[in-house]
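*Asks:* Give the three-dimensional model of this entry:
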Amino acid sequence: MKNKKKHPVSPSMGGGGKSKCLTARGAAGVMLFLVLFLQASPVRAVLIDRVVAAVNTEVITWSELLQAVGFNEVVGGKTHGGGEIASQTLDGIINRKLLHQEARRLRFADVSPDEVAAEVVKLKASLGSERGYADLLARLEMTGPELSRMLEERLLVEHFVERKIGLIVRVSHSEALAYFEGHREAFPGKRFTEVQKEIEGALLAHKINTEVDGYLADLRSRAEIRVNPLEQ
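*Replies:* Here you go, the predicted model:
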């Protein structure tokens, strides 16, 4: 793949890096604002959405960002933190878009309709009822199919990371034992065999996150990522 403009960024999933401000010329034809016209008033236009970022040829709108923030608050238990949370969430969406685009390009992973349906069922169970699910849709101002598409994108990214990176990362017995010996205070009264699986799981997750950070840094260096100021 040919290199495009490089923008120095932090490889962290939540890191920001320096992204160029989106302009009409720099976005290569991507509209900065999405405008819909109210049929009731043929001479009046109402701005209901705007583009906050572009990842290659894919745009991220203000409403999409607000939906992600709201979803994370309800499902992930993250409290609202104003501009900082919005900025962190936007950076996470950018990372997810990059991984999603790469998954589609490589055709390395896929998500079936049954998997999406199962994810919806799991979400409803976590919310406690159909009413809770309906309240979530109302809060996010989304339809059921729109939320399903969001879940599908997230699932595809998870599958891609698992198969692209997770399958090649390993934690050896000696690594786990060395961690146990160096952190005995964290496992009082426990033998290594009792906590081996726990240690291996934690070390594996750390290794995968490190690999994903590096992979994202490479994707970002080859991508066109442009961001508008969130405050208008």
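*Asks:* least trustworthy helix or strand in the chain by mean pLDDT?
*Replies:* Every helix and strand of the chain was ranked by mean pLDDT, DSSP states H and E. The lowest is strand 33-37, at a mean of 34.
*Asks:* could you pull out the strands for the protein?
*Replies:* With strands called from DSSP state E, the chain shows them at 20-21, 33-37, 45-55, 58-61, 225-227.
*Asks:* Please spell out which residues along the longest helix anywhere in the chain are buried.
*Replies:* Counting residues, the longest helix in the chain under DSSP state H turns out to be helix 192-221. The neighbour-count check on helix 192-221 (16 or more other CB atoms under 10 Å) flags 195-196, 199-200, 203-204, 207-208, 211-213, 215-217, 219-221 as buried. C-betas here are computed from N, CA, C, even on glycine.
*Asks:* Report the spatially nearest residue to residue 230, omitting neighbours in sequence.
*Replies:* Excluding its sequence neighbours, the residue lying closest to residue 230 (CB to CB, 6 or more residues apart in numbering) is residue 86, at 5.6 Å.
*Asks:* Report the central residue of this protein.
*Replies:* residue 96 (3.9 Å; CA atoms, centre = their mean).
*Asks:* From residue 201, how far off is the spatially closest residue to that residue that is not a sequence neighbour?
*Replies:* In this structure, residue 96 finds its nearest non-sequential neighbour in residue 157, 5.4 Å apart by CB to CB, 6+ apart. Distance of residue 157 to residue 201, given as CB to CB, to the nearest Å: 21 Å.
*Asks:* do residue 54 as well
*Replies:* 37 Å.
*Asks:* Check residue 143 too.
*Replies:* In terms of CB to CB, residue 143 sits 37 Å off from residue 201.
*Asks:* So for the residue nearest to the centre of the chain, what's the pLDDT?
*Replies:* In this model, residue 96 is scored at 96, pLDDT.
*Asks:* what does residue 57 give?
*Replies:* Value listed for residue 57 in the pLDDT field: 93.
*Asks:* With the one 4 residues further on instead?
*Replies:* For residue 61, the model assigns a pLDDT of 96.
*Asks:* same question, residue 16
*Replies:* The model's pLDDT for residue 16 equals 42.
*Asks:* Check residue 229 too.
*Replies:* 89.
*Asks:* again, but for residue 38
*Replies:* 33.
*Asks:* How about the one 4 residues further on?
*Replies:* On the pLDDT scale, residue 42 is placed at 44.
*Asks:* go on, residue 31?
*Replies:* Model confidence at residue 31, given as pLDDT, is 38.
*Asks:* can you check residue 148 too?
*Replies:* For residue 148, the predicted pLDDT is 96.
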